[in-house]
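**Student:** Just the structure for this:
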Amino acid sequence: MTENPTGFYVVSPLASLFFNHKYGANNIGKILCRDKDGNLLYLYPDRNTQLELTSKSTKDVIKMYFDTVFFDGNKLVGLRSRLVPGMTREIALADIEKIEIYSEFPRTEKFDSK
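**Tutor:** Sure thing, here's the model as predicted:
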């Protein structure tokens with residue numbers, strides 16, 4: 001279990017199977033985003049929802065699980081693997097060119113602007 005500056009804990013799901021720990025993370029319940037056609041909708045993230053962040057400077061794509069992402073000063077930090085502890089990825093906020101969110105089994109809700 002690792003404590004981070006935001007005050008929540010990230011516990012490996014694998015450890016939770018063997019030691020009866022809860023898997024907790026950033027607790028964001030829904031994300032306002034755009035689909036491939038540009039329509040606004042809410043996406044309800046699950047444990048398999050991933051972020052892909054493209055770097056302006058290197059054009060590298062940094063992948064991390066959405067529910068493990070948190071702010072650390074001027075950068076985003078998140079886990080790339082749930083099985084290998086310490087496999088974190090980070091990117092400076094100013095270096096983010098594009099953010100894409102992928103969900104294996106997306107649960108969405110239409111955004112009503114009224």
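**Student:** so how far does stretch 94-106 reach from one end to the other?
**Tutor:** By Cα to Cα, to the nearest Å, the extent of stretch 94-106 from end to end equals 28 Å.
**Student:** Sorry, wrong one. I was asking about stretch 82-90.
**Tutor:** End-to-end distance for stretch 82-90, by Cα to Cα: 15 Å.
**Student:** So for it, what gets flagged as buried?
**Tutor:** Neighbour-count burial for stretch 82-90, counted by 16 or more other Cβ atoms under 10 Å, picks out 82, 88-89. Yep, even glycine has a C-beta here, placed from its N, CA and C like the rest.
**Student:** So the residue positioned nearest the centre of the chain versus residue 78, what's the distance?
**Tutor:** Closest to where the C-alpha atoms of the chain average out (Cα atoms, centre = their mean) is residue 66, at 1.2 Å. Distance of residue 66 to residue 78, given as Cβ to Cβ, to the nearest Å: 8 Å.
**Student:** got any residues that touch both of the two?
**Tutor:** Residues touching both residue 66 and residue 78 (Cβ atoms under 8 Å, 6 or more residues apart in numbering): residue 51.
**Student:** which regions of this structure lie under the pLDDT threshold?
**Tutor:** 1-25 (pLDDT under 70).
**Student:** what about the strands in it?
**Tutor:** Counting by DSSP state E, one finds strands in the chain at the ranges 2-3, 9-10, 31-34, 40-44, 50-55, 61-65, 70-72, 75-79, 88-92, 96-102, 107-110.
**Student:** Can you list the strands that the longest one pairs with?
**Tutor:** This means strand 96-102. strand 50-55 (antiparallel) (DSSP bridges).
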